[in-house]
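Participant: the sequence isn't on hand, but the structure is:
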Ligand SMILES: NC(=O)C1=CN([C@@H]2O[C@H](COP(=O)(O)OP(=O)(O)OC[C@H]3O[C@@H](n4cnc5c(N)ncnc54)[C@H](OP(=O)(O)O)[C@@H]3O)[C@@H](O)[C@H]2O)C=CC1
Ligand SMILES: O=C1O[C@H](COP(=O)(O)O)[C@@H](O)[C@H](O)[C@H]1O
């Protein structure tokens, strides 16, 4: 059994008057040693689960050559793919040694991590944060000494919090062993303290309880602000003044929205920085924690075949598509103040775009990656109102069921013009991407749920098979699709010959469907991000200059939409959204890849 040790201290003394912090942790080098060898990992472990996945990959390798499924383009249903042909791909190189480090103990005997979920009674805490913490615990990824505190105004005892949390916990399908036992153990480490978000006194009481649990060990504290944005600063002020760690690090995870335009975002950053150093602030964008978004850099930078094609020379356009098949039900009050551009485009889709388009970073260190992302954002052409289409869903009856309009929500004004759908054409004015349209669309209450990146390549010049392809060359170009969710997959549309004596061409998918390739459940984004925050890894969190650049891009157009009271195009609940998005794409000679039978 391998042991795990850290070559850098997991804690060090306070350097900020308010919060102590840890500037070194994310550069740490860790050594895994086993009886016969030791492997130095330059980067931090990408989570316990990923390491297990790589040993799984080795295991698969021992069973025989790894395989990639080829299926006709119309049919990437997992159940049917198994019937299709199998294309061998070169085996992966096994690591020096198969190591079981899933249950590494990255903590020292004398240090502890306390995680306080501020707003523990709320929707996000129940839906995502507690379940993610449990999953980390189950996987052996939390340090030996840890405590979880819920904090909110609601009156609750520890037992009541545990009952509330227990209803939200599930075990992964592939990991049910001792599930009940693990849940009980986890719940025993969960506590609750009721308090106001602006009360120094209440946070001092919390501090006292945290100290009892820390039991004289070096205390590291993580606060997760799972509360509405108007109370972020009150909570940060009280936590920093009255409940920051005395001798370890203190970090704060901040949830979006980070303001609603450049000015309010800058004001929020300024206020946060009154109490925190930048490297204590973990601005979360949970899309960066999604498996396929994490894989984007691996795909680009560890495969020779993609990077040479990754430019205006070969790529015609790139599309970032987000769709939900439900409306703003229950969140109308929040949503109406923000709209889909702020809710999805300015953060989730733009972050993916930046990762997609960035130059090769100097290293995988957080600052190197974030430096490259920010360069992309700052090279973007100002977005014009002309290049934006907005929509709002209206009521629709299907199969006898009446689906509501956005404005049917009691918390939304009847005359609201807030977009629930938007499409935009963006450009990056740099040498690599000059002239390539980056199209985005995002919408609620559409006909399906998906998040994907589509890369449409140029035509093959002087294609010998043009006459077999027909007149619509667009339909015959290669397209790489990175399907973030659901049914995570990476597939490449290629042209190939239909077997037989004639010469008929067909479009097929080289398809890496995760469910077929890996029998492991994919961790939720919040698991990865929480683990990163605990480990001090900032790569997947938004730095303030990235945030400023993202707001600079969208703020003028958002203001114009609001000042000119642009009326959104109404689309029926459950439809494909406004036709305006097709006109917008057509202006740049683009066809949305998610439309039509060949997706
Ligand atoms: N829910 C989601 O799916 C997502 C949420 N977010 C963000 O995460 C954060 C938390 O979201 P969510 O859990 O949905 O929020 P909630 O509205 O559920 O609020 C969380 C808790 O904050 C307290 N609270 C709510 N309103 C107020 C108020 N006006 N004044 C003081 N306290 C209040 C309540 O606790 P109590 O009354 O007990 O104090 C509540 O349980 C927000 O910033 C949100 O934008 C981001 C992405 C997705
Ligand atoms: O941040 C948000 O994301 C969710 C979608 O997240 P997903 O992980 O379920 O795809 C979205 O519904 C919500 O409006 C938005 O605030």
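Facilitator: Everything's here; your move. These figures come from a predicted structure and were not determined experimentally. Numbers count the residues shown, from 1 in each chain. Ligands and ions are numbered 1, 2, ... in the order given.
Participant: ok, the residue in the stretch 251-400 of the chain that ligand 1 sits nearest to - how many residues close by?
Facilitator: Closest residue of the stretch 251-400 of the chain to ligand 1, C-beta to the nearest ligand atom: residue 255 (3.6 Å). No exception for glycine: its C-beta is placed from N, CA and C like everyone else's. Each residue near residue 255 was counted by other C-beta atoms under 10 Å, and the total is 19.
Participant: equivalent analysis for the one 10 residues further on, please.
Facilitator: Residues within reach of residue 265, counting by other C-beta under 10 Å, total 21.
Participant: distance of it relative to ligand 2?
Facilitator: According to C-beta to the nearest ligand atom, to the nearest Å, residue 265 stands 16 Å off from ligand 2.
Participant: so that residue sits right up against residue 551, yeah?
Facilitator: Yes - in terms of C-beta atoms under 8 Å, residue 265 counts as a neighbour of residue 551; the distance is 5.0 Å.
Participant: identify the residue of the stretch 1-150 of the chain closest to ligand 1, quick one.
Facilitator: residue 122 (2.4 Å).
Participant: picking that back up, pLDDT at the residue of the stretch 251-400 of the chain closest to ligand 1, what is it?
Facilitator: For residue 255, the model assigns a pLDDT of 94.
Participant: spit out the contact partners of it.
Facilitator: Residues near residue 255 by C-beta atoms under 8 Å, 6 or more residues apart in numbering: 124, 224, 225, 226, 227, 229, 284.
Participant: what's the lowest-pLDDT member of those?
Facilitator: Least confident entry in the contacts of residue 255, by pLDDT: residue 229, with 92.
Participant: for the residue of the stretch 1-150 of the chain closest to ligand 1, which non-adjacent residue is spatially closest?
Facilitator: Computed as C-beta to C-beta, 6 or more residues apart in numbering, the closest residue to residue 122 that is not its neighbour in sequence is residue 226, at 5.6 Å.
Participant: hang on, that neighbour packs against residue 124?
Facilitator: Yes - taking contacts as C-beta under 8 Å, residue 226 lies within contact range of residue 124: 4.8 Å.
Participant: quick check: buried residues in the longest helix along the chain?
Facilitator: In the chain, with assignment by DSSP state H, the single longest helix is helix 544-563. Buried residues in helix 544-563, counted by 16 or more other C-beta atoms under 10 Å: 544-558, 561.
Participant: that older thread, which residues do residue 265 and residue 551 both contact?
Facilitator: The contact lists of residue 265 and residue 551 share residue 259, where a contact means C-beta under 8 Å, 6+ apart.
Participant: I'd like the next helix or strand past the host helix or strand of residue 151.
Facilitator: Residue 151 belongs to strand 146-152 when elements are defined using DSSP states H and E. On the C-terminal side of strand 146-152, the closest following helix or strand by DSSP H and E is helix 158-166.
Participant: list the contacts of that next one.
Facilitator: The contact list for helix 158-166 (C-beta under 8 Å, 6+ apart) reads 120, 121, 126, 130, 134, 150, 156, 183, 187, 190, 191, 192.
Participant: who's in contact with the one helix or strand the fifth one maps to?
Facilitator: Assessed by DSSP H and E, residue 134 sits inside helix 130-138. Contacts of helix 130-138 with the rest of the structure, by C-beta under 8 Å, 6+ apart, involve 115, 117, 120, 142, 148, 165, 168-172, 175, 179, 182-183, 185-186, 189-190, 523-524, 526-527, 530-531.
Participant: same question for that helix, mean pLDDT?
Facilitator: Helix 130-138 shows an average pLDDT of 95 in the prediction.
Participant: and it with ligand 2, contact?
Facilitator: No - taking C-beta under 6 Å from any ligand atom as the criterion, helix 130-138 and ligand 2 are apart, separated by no less than 12.1 Å.
Participant: what is the orientation angle of that helix with helix 158-166?
Facilitator: Counting by axes from the mean of the first three to the mean of the last three C-alpha atoms, to 10 degrees, helix 130-138 lies at 90 degrees to helix 158-166.
Participant: chain center to helix 130-138: distance?
Facilitator: Distance, stretch centre to chain centre, for helix 130-138: 17 Å (C-alpha atoms, centre = their mean, to the nearest Å).
Participant: let me know the secondary structure of the residue in the stretch 351-500 of the chain positioned nearest to ligand 1.
Facilitator: Nearest to ligand 1 in the stretch 351-500 of the chain, going by C-beta to the nearest ligand atom, is residue 411, at a distance of 11.5 Å. Secondary structure assignment for residue 411 (DSSP: H, G, I helix; E, B strand; the rest coil): coil.
Participant: identify the residues contacting it.
Facilitator: Contact analysis of residue 411 by C-beta under 8 Å, 6+ apart lists 332, 333, 336.
Participant: ok, residue 195 next?
Facilitator: Residue 195 is in contact with 151, 152, 153, 202, 203, 205, 206, counting by C-beta under 8 Å, 6+ apart.
Participant: and these near ligand 1, which?
Facilitator: 152, 153.
Participant: now the buried members of the contacts of residue 195.
Facilitator: Counted by 16+ other C-beta under 10 Å, these give 151, 152, 202, 203, 205, 206 as buried.
Participant: how about the residues of the chain near ligand 2?
Facilitator: 286, 324, 343, 451.
Participant: ok, 8 Å please
Facilitator: Neighbours of ligand 2 within the chain, by C-beta under 8 Å from any ligand atom: 256, 286-287, 290, 322, 324, 328, 331, 334-335, 343-344, 347-348, 444, 449, 451, 485, 525.
Participant: pick out whichever of residue 226 and residue 124 has more residues nearby.
Facilitator: Each of residue 226 and residue 124 has its neighbours counted (other C-beta under 10 Å); residue 226 has more, 27 against 17.
Participant: please report the distance of that one from ligand 1.
Facilitator: 4 Å.
Participant: equivalent analysis for residue 544, please.
Facilitator: On the measure of C-beta to the nearest ligand atom, residue 544 and ligand 1 end up 18 Å apart.
Participant: residue 510 reaches residue 492, doesn't it?
Facilitator: Yes - in this structure residue 510 lies within contact range of residue 492 using C-beta under 8 Å: 4.5 Å.
Participant: pLDDT weak spots in the stretch 51-200 of the chain?
Facilitator: Within the stretch 51-200 of the chain, the segments meeting pLDDT under 70 span 51-108, 173-175.
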